[in-house]
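S.K.: give the three-dimensional model of this entry:
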Amino acid sequence: MSLDPQIAGLIGALDAGFPPVHTMTGAQARATIRSRFVPAATRAGGRRQRHVDSRPGGDIAVRIYRP
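M.R.: Predicted structure coming up:
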């Protein structure tokens with residue numbers, strides 16, 4: 001099975017300039033990955049955390065975003 005060409009291009013762009021993980025220590029790999037992390041943009045309306053009681057094992061946490 002091959003990757004969709006658009007996804008393949010995205011993966012190539014994400015990998016560009018990223019050193020091969022097998023050449024790093026665990027700590028170096030974690031630090032490099034953390035340095036590339038970009039948090040999601042904050043939404044203007046905010047969000048609310050709620051819990052929905054929908055299964056026998058307990059509640060499910062959901063986030064509701066407002067525009």
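S.K.: what sits closest to Ile64 if chain neighbours are left out?
M.R.: Arg48 (4.7 Å; C-beta to C-beta, 6 or more residues apart in numbering). For every residue, glycine as well, the C-beta is placed using N, CA and C.
S.K.: that neighbour and Ala61 touch, don't they?
M.R.: No. Between Arg48 and Ala61 there is no contact under C-beta atoms under 8 Å: 11.2 Å.
S.K.: let me know the helix or strand that the residue nearest to Ile64 is in.
M.R.: Under DSSP states H and E, the secondary-structure element containing Arg48 is strand 47-55.
S.K.: partner strands of that strand, parallel or antiparallel?
M.R.: In the sheet, strand 47-55 lines up against strand 58-65 (antiparallel) (DSSP bridges).
S.K.: could you dump the strand it pairs with to CSV, C-alpha only?
M.R.: C-alpha atoms of strand 58-65 as CSV (Å, rounded to 0.1, in the frame of the first residue of the first chain):
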residue,chain,number,x,y,z
GLY,A,58,-18.0,6.0,33.7
ASP,A,59,-18.1,9.4,32.1
ILE,A,60,-16.4,10.5,28.8
ALA,A,61,-14.6,13.9,28.8
VAL,A,62,-15.6,16.2,25.9
ARG,A,63,-14.5,19.7,24.9
ILE,A,64,-17.0,22.1,23.5
TYR,A,65,-15.6,24.9,21.4
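S.K.: show residues contacting that strand.
M.R.: Among residues not part of strand 58-65, those counted as contacts by C-beta atoms under 8 Å, 6 or more residues apart in numbering are 43, 45-54.
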